[in-house]
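Trainee: Pasted the sequence and its predicted model underneath.
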Amino acid sequence: MLIKKVILILFYFSPLLLFAQDDTTALQLRAVIISAVRSDIQPSGLKTERPDSLLKMIHIDQTLGNYLTDYSPALVKNYGPGALSSVSLRGGSAYHTAVLWKGFSIANPMNGVMDFNLLPTFLFDDISIQYGGSSSLWGSGAISGTIQLGNSNIFVNNNSIKIGSRYSTASGFANYAESKFSIKNFNSSVKLFFTDEKNEFSFHHNDQLKKQVHAEAKGRGIIAENSYIFNSRTDLSFNFWYQFADRNIAPVLTESISKAVQTDKNFRYNFIFTKSAKHGKFVFRNAYSNEELYYNDSSLNEPSVSLCKTFISEPEYSFSINNIHSFQAGLNFTMINANATEFKKQADVIRKAAFLGYNLKYKNLSVSLSSRKEVNEFQNPPVVFSAGVNYKITNYINILGNYGTVYRNPQVNDLFWQPGGNLNLLPETGYSYEGTIDLNIRQLVVKNSNDSNAFSIQMTAFNKEVNNWIAWTPHGILWTPSNIKNVHSYGTESNLLFKKKFRKIGFRFSVFYGYTISETTSSELAFDASVGKQLIYVPLHKVGGVISVSYKNSVFTFNQNYTGIRFSSTDNLHYLDAYNKASVQLDQKLKIQNTILSMFIRVDNLFDTDYQSVLNRPEPLRNYSFGINITYIQKK
Amino acid sequence: MKLKITLFAIVSLASFSCKKDTIDEPTPTTSFTAEVNGIYICNEGTFTDGNATISYTNGTEAETIQDVYKIANDEDLGDVGQSMTKINNKIYIVVNNSSKIEVVEATTMKKSATITGFNSPRFMIEASPGKAYVTDLYANGISIVDLSSNLITGNIHLNGSTEDLLLYNGKVYVTNLSTSYLYIIEPTTDILEDSILIGPGGNSLQLDMNNKLWVLCGGDYLTSAPGSLHRIDPATKMIEFSQAFPASDFPTRLIINETNDELYFLNLNVYKMQITDSSLPTSSFVDAAGKSFYGMAFDRVSRVLYVSDVIDYQQAGRIYRYDPAGTLLNSLPTGIIPGEFLFLNN
């Protein structure tokens, strides 16, 4: 206990928090970024995080939910290993964080929630967390932030194959394989994973040691991302993602048994055609997804089956007048066909949008403006816009700022679920603004730049408001969604990163701290005691950090994070205790000619903490993981 | 150097937060004894959160105490406190999603036994001396409980979600949320004797001063079948009165006053009608005015109508007390999702 507190104080008392912004170590000869015009013109002024190679390495066998839990101020509601995991940023709901793959939203349009336990970190080389509102670029739902996923289609000198496996005493087996190769103008990255997890972990309940039951989960998936370069100005990216998950839903602590089961099956395809000219670029993006969700338990007369097909088409164009001014324009056409056991008939939703953008880059100043207007037959979202600025005051001080208006359409289930679906729902609307100071302190003390050495601090303050917040509430015995409240969220986020290499020993220390107030400011419900209270499950405080020491091919990593109390009732009379969680990991690499053997051993929940992310959903006590992967590199 | 110190100071100040991560806990109540005219409120709690509680009041804010089961027993009640039934000097608290019934002493709430083995129990009645029936959402039957051993001794098969029960003239009448029938059970043999076709979603029933059964049906929202109210002569099993509600209505909580000649039910608002009325009331007796009315009961001794408000189902609720004219007397705090009432002197 004393050790835990000392370590946490070391983290917490360091008010300088640093955030890793760079540090991709992938070989880059001919980096072809196949993305979108909007990615190129990311709104200036929004804080963006990307995990560095160390963080990706130590999380290769885990999910994106695990990563965000340990290394970001994001609120992660984890219903247990293998179960649902939802993420929200800056005190928003899970619907306010857009999750994008290759720039296309992958959250199910029916319920609007992305299950982060279905996102193995291994599948994505590029993970980018952008905080703040960006509805003007990405449309509905990008209110608190976006999480952008992908593999960067980088043409590399070498072909490679990797296979790996991990066994965890808490969950079970996870196996993965990856192949990357390029032949002339063609580049391909194929990633596979298979999981067979019993999730029979130990936990305490009423002072008794128990084992989790009915929590088995099997999953498999494949992502294939390919690109072909026709010539220096024309390229095509075509990508495919199939994923299947079959899960038993464990009983909550208040239930004696559970018979609930859920199956998720998703197919996602997209292709992106890019044609560049001297002063412009045309990108034609198209995506199709087919998502099935099957759920059954003893309470249902028949299983609940949800089917959703989504088609998206987006032509975009950007052109530059000179090196300073550039403009962007694009259209979006989205068609959703959804059906469920609880729908009276198939639901068809068509949404169309247009966006415009402007960028200015002059010396140390970068400014971006963007705006978007969507139309659909059920709602009338407002025109949204954003303005961002990024100004480099000196070599070591960067200032960012952004203001934007935001919106979120009701989900398909909100409109069509029977009983209760409400076609008269208004979209949620609001605004979001933030400011960031980015200090590269190392520049103050060291003249020579070196990727192994860094010392930087980033501090952000944010403020946002969401009106016409949608929630399902009872009307007699009937539940129906309504625009019932307004929510105001504000706070600060701080990050610090310190890296130093001395001869063969490398040292890395990073800390983050998030302080979030997210309160209901008004409510349509009579005598609603949630007004003025913190939203449920949004912690006021979240802090964590990583210490890593490397020597030659060995890396030792310790990380700890603290999640503050979270209220479980909207009047804040009930809450979940705060908790500390720590882990240690030792990684060892062995290079034999063209083959790299990597092994790791990890202890999660090092201090055997009893904690819950969600009320009455147990989490594993101390547990151990062992993993190995082999990479073969074929040098050309 | 000065710049570095300034930056450090700015960062340090900016990183301190304003709100602490602690909760000021109120001083807990350590003992509890109910008054003769005391009232218990069964608070369901949020489904799967295990926060069902029992509130106690004598009708005044000063004598309203929360979580009396925990005070008396130093343990949580469980998940979804569904209903309470008083038999002799004991109260049987049906805890639906914990699949159990807690047996407590009526005035002290002290636990004396736990009855387990249910699936999703709902309501309980003493069918005959020493024997009780317990309805269930998913068991496709009614459990038979021996009240001396507190054990389930049998089951009466009955498809669907059995709900409310009423004992009259040696028969037990049972409603069913999943079917359109009222069922009749002979408690001496535990045999399902007969059924009467009424309407879908029977949820509550009462006996009036003329010994007629009134059954309220909530309809079927999946098929949009409307709710309905029926009056049945139990001697002939004939339906004497039957009226359907508008298609968008799902009425619940049929109760009756102390003289058994006035009915009340919830349909967003509170409605009242005489047993001699020939049609359903069209105007409300108490308007919800934005509240989420959920539970309702009539104190037959004080003649006060109690109505519960669940607000958003995720916070402490409130109960509202009305006189026979529908005038609000006061309101009192409860636990999360107050649903059922038990009047100790009724």
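Mentor: Good, I have the coordinates. Numbers count the residues shown, from 1 in each chain, chains lettered A, B, ... in the order given.
Trainee: Can you report how many residues neighbour residue B:246?
Mentor: Residues lying near residue B:246 (other C-beta atoms under 10 Å in any protein chain shown) number 10. Every C-beta, even on glycine, is put in place using the N, C-alpha and C of the backbone.
Trainee: Now do the contacts for the residue lying closest to it once chain neighbours are set aside.
Mentor: The shortest distance from residue B:246 to any residue other than its chain neighbours is 6.6 Å, reached at residue B:226 (C-beta to C-beta, 6 or more residues apart in numbering or on different chains). For residue B:226, the contact set (C-beta atoms under 8 Å, 6 or more residues apart in numbering or on different chains) comprises B:199, B:219, B:244-247, B:249.
Trainee: so what pLDDT did residue 259 get?
Mentor: As the question left the chain open, I've gone with chain A. According to the per-residue confidence, residue A:259 scores 89 in pLDDT.
Trainee: wrong one, chain B
Mentor: pLDDT, residue B:259: 97.
Trainee: how about it, what does it touch?
Mentor: Contacts of residue B:259 by C-beta under 8 Å, 6+ apart are residue B:209.
Trainee: got it, and residue B:216?
Mentor: Residue B:216 sits next to B:202-205, B:227-229, B:251-254, B:265 when contact means C-beta under 8 Å, 6+ apart.
Trainee: Can you name the residues bridging to it?
Mentor: residue B:204, residue B:229 (DSSP bridges).
Trainee: and the gap between the residue nearest to residue B:246 and chain A?
Mentor: As judged by C-beta to the nearest C-beta, to the nearest Å, residue B:226 and chain A stand 13 Å apart.
Trainee: Confirm for me that residue A:633 is in contact with residue A:596.
Mentor: Yes. At 7.2 Å, residue A:633 counts as touching residue A:596 under the criterion of C-beta atoms under 8 Å.
Trainee: mind listing the helices for the stretch 101-250 of chain A?
Mentor: Taking DSSP state H, counting those that start in this stretch to define them, one finds helices in the stretch 101-250 of chain A at A:135-138.
Trainee: so where does the residue in the stretch 51-200 of chain B that chain A sits nearest to fall, helix or strand?
Mentor: Chain A sits closest to residue B:79 of the stretch 51-200 of chain B, with a gap of 3.4 Å, by C-beta to the nearest C-beta. For residue B:79, there is no enclosing helix or strand under DSSP states H and E.
Trainee: Now do the same contact list for it.
Mentor: A:252, A:254-255, B:45, B:47-52, B:95-98.
Trainee: and the residues you listed as a markdown table, adding secondary structure and neighbour count?
Mentor: As requested, those are arranged in a markdown table below (DSSP: H, G, I helix; E, B strand; the rest coil; neighbours: other C-beta atoms under 10 Å in any protein chain shown):
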| residue | secondary structure | neighbour count |
| --- | --- | --- |
| A:252 | coil | 20 |
| A:254 | coil | 23 |
| A:255 | coil | 18 |
| B:45 | coil | 27 |
| B:47 | coil | 16 |
| B:48 | coil | 18 |
| B:49 | coil | 21 |
| B:50 | coil | 21 |
| B:51 | coil | 27 |
| B:52 | coil | 31 |
| B:95 | strand | 27 |
| B:96 | helix | 24 |
| B:97 | helix | 26 |
| B:98 | helix | 25 |
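Trainee: what's the closest of these to residue B:155?
Mentor: residue B:96 (17.5 Å; C-beta to C-beta).
Trainee: which residues touch that closest one?
Mentor: So residue B:96 contacts B:44, B:79-82, B:120-122, B:137 (C-beta under 8 Å, 6+ apart).
Trainee: what's the neighbour count on residue A:591?
Mentor: 12.
Trainee: again, but for the one 5 residues further on
Mentor: By the measure other C-beta under 10 Å, the count of residues near residue A:596 is 17.
Trainee: try residue A:595
Mentor: With other C-beta under 10 Å as criterion, residue A:595 counts 12.
Trainee: ditto for residue B:20
Mentor: Quick note: residue B:20 (other C-beta under 10 Å) scores 11 neighbours.
Trainee: go on, the one 10 residues further on?
Mentor: Neighbourhood size, residue B:30 [other C-beta under 10 Å]: 7.
Trainee: Quickly find the element holding it.
Mentor: Residue B:30 is located outside every helix and strand, with elements delineated by DSSP H and E.
Trainee: Test my guess that it contacts residue B:71.
Mentor: Yes. The pair residue B:30 / residue B:71 is scored as a contact, 6.9 Å apart, by C-beta under 8 Å.
Trainee: low-confidence ranges in the stretch 51-200 of chain B?
Mentor: Within the stretch 51-200 of chain B, not a single segment meets pLDDT under 70.
Trainee: Break down it into its strands, ranges please.
Mentor: For the stretch 51-200 of chain B, the strands defined by DSSP state E, counting those that start in this stretch cover B:53-57, B:81-87, B:90-95, B:100-105, B:111-116, B:121-128, B:131-136, B:141-146, B:151-157, B:162-168, B:171-176, B:181-186, B:191-197.
Trainee: would you list these in TSV and tack on distance to residue A:318?
Mentor: Below are these laid out as TSV (distance: least, C-beta to C-beta, whole Å):
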stretch	distance to residue A:318
strand B:53-57	60
strand B:81-87	61
strand B:90-95	62
strand B:100-105	65
strand B:111-116	67
strand B:121-128	63
strand B:131-136	64
strand B:141-146	68
strand B:151-157	70
strand B:162-168	63
strand B:171-176	64
strand B:181-186	68
strand B:191-197	69
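Trainee: could I get these as TSV with distance to chain A?
Mentor: Output for those, formatted as TSV (distance: least, C-beta to the nearest C-beta, whole Å):
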stretch	distance to chain A
strand B:53-57	10
strand B:81-87	11
strand B:90-95	9
strand B:100-105	9
strand B:111-116	8
strand B:121-128	12
strand B:131-136	11
strand B:141-146	14
strand B:151-157	14
strand B:162-168	12
strand B:171-176	13
strand B:181-186	17
strand B:191-197	20
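Trainee: looking at the ones you listed, which is closest to residue A:207?
Mentor: Going by C-beta to C-beta, the one of those nearest residue A:207 is strand B:111-116, 18.1 Å.
Trainee: Select the longest strand from chain A.
Mentor: strand A:478-502 (DSSP state E).
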